[in-house]
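S.K.: Predicted model, plus sequence, below.
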Amino acid sequence: MIIVGVGAGPNLLTQEAISAIESAEIIYGSKRAIELASKHIKCEAHEISDYTLKSLPENAVVLSTGDPMLSGLGKYAREGDVIIPGISSLQLACARLRLDIENLAVISAHSREIEHVKKQLFIELGAGKNVFLLPDSSFGAVEVADFLKSHHLSRRISVCERLGYPDERIDTGTTDKPPHPESDMYCVVITG
């Protein structure tokens with residue numbers, strides 16, 4: 001199986017990803033992943049609902065939005081599977097905000113225990129790191145700001161929405177005046 005990162009938005013496929021997609025015998029992916037790669041798909045493509053990938057054939061090419069190793073399908077790779085990286089929302093957010101990745105901690109709140117996420121966030125910020133956060137519906141930009149204020153931490157908070165899409169939007173505020181996302185496809189970047 002080949003797991004291919006199709007990028008965070010349109011026109012972000014790497015040449016390696018395009019080659020794998022164009023030579024695929026069968027493709028699986030989410031609706032959005034298939035849409036992002038559609039102009040290069042030359043075979044049957046199926047939407048998947050079982051993201052553990054256990055039931056897919058060995059010759060499958062599986063499309064993962066963004067990069068497969070950033071809260072993506074790469075975690076389900078089996079021994080011998082190939083993973084082709086993609087351009088992630090993390091890379092786009094850092095480029096747009098001119099933020100060096102070297103001092104950045106990555107935290108995902110997607111379907112995670114929020115108390116653990118809060119503890120991780122507190123530790124990383126306390127260590128002087130900037131934080132890239134993939135939010136959860138119960139822990140987004142406003143909740144992050146409230147959490148930081150409750151711990152007397154003043155930080156800049158950026159909401160990066162629909163990165164790579166024509167309607168991309170970035171809004172930066174503070175813990176006192178946090179930015180509010182306008183869609184559910186966003187990430188949060190917290191800086192010193």
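M.R.: The structure has been received and is ready for your questions.
S.K.: residue ranges for the helices of the protein, please.
M.R.: With DSSP state H as the criterion, the chain has helices at 15-22, 31-37, 89-97, 114-126, 141-150.
S.K.: With distance to residue 174, mean neighbour count and mean pLDDT added, can I get those helices in CSV?
M.R.: Any C-beta I mention is one placed from the backbone N, CA and C, and that applies to glycine too. Shown next, in CSV, are the helices of the chain (distance: least, CB to CB, whole Å; neighbours: other CB atoms under 10 Å; pLDDT from 0 to 100):
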stretch, distance to residue 174, mean neighbour count, mean pLDDT
helix 15-22, 38, 17, 98
helix 31-37, 32, 19, 97
helix 89-97, 15, 20, 97
helix 114-126, 14, 15, 95
helix 141-150, 8, 18, 96
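S.K.: Reformat those helices as CSV; add distance to residue 46.
M.R.: CSV is the format used below for those (distance: least, CB to CB, whole Å):
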stretch, distance to residue 46
helix 15-22, 14
helix 31-37, 8
helix 89-97, 25
helix 114-126, 33
helix 141-150, 35
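S.K.: For the most centrally placed residue in the chain, which residues are in contact?
M.R.: Per CA atoms, centre = their mean, the C-alpha nearest to the average position across the chain is that of residue 89, at 5.0 Å. By CB atoms under 8 Å, 6 or more residues apart in numbering, the residues touching residue 89 are 8, 66, 70, 134, 160, 163, 164, 187.
S.K.: what about 7 Å?
M.R.: Residues near residue 89 by CB atoms under 7 Å, 6 or more residues apart in numbering: 8, 66, 160, 163, 187.
S.K.: Repeat that for residue 182.
M.R.: Residues in contact with residue 182 (CB under 7 Å, 6+ apart) are 161, 169.
S.K.: The nearest residue to residue 7 once chain neighbours are set aside: neighbouring residues, count only.
M.R.: Of all residues beyond its chain neighbours, the one nearest residue 7 is residue 87 (4.4 Å), with distances taken as CB to CB, 6 or more residues apart in numbering. Residue 87 sits with 22 neighbouring residues when counted by other CB atoms under 10 Å.
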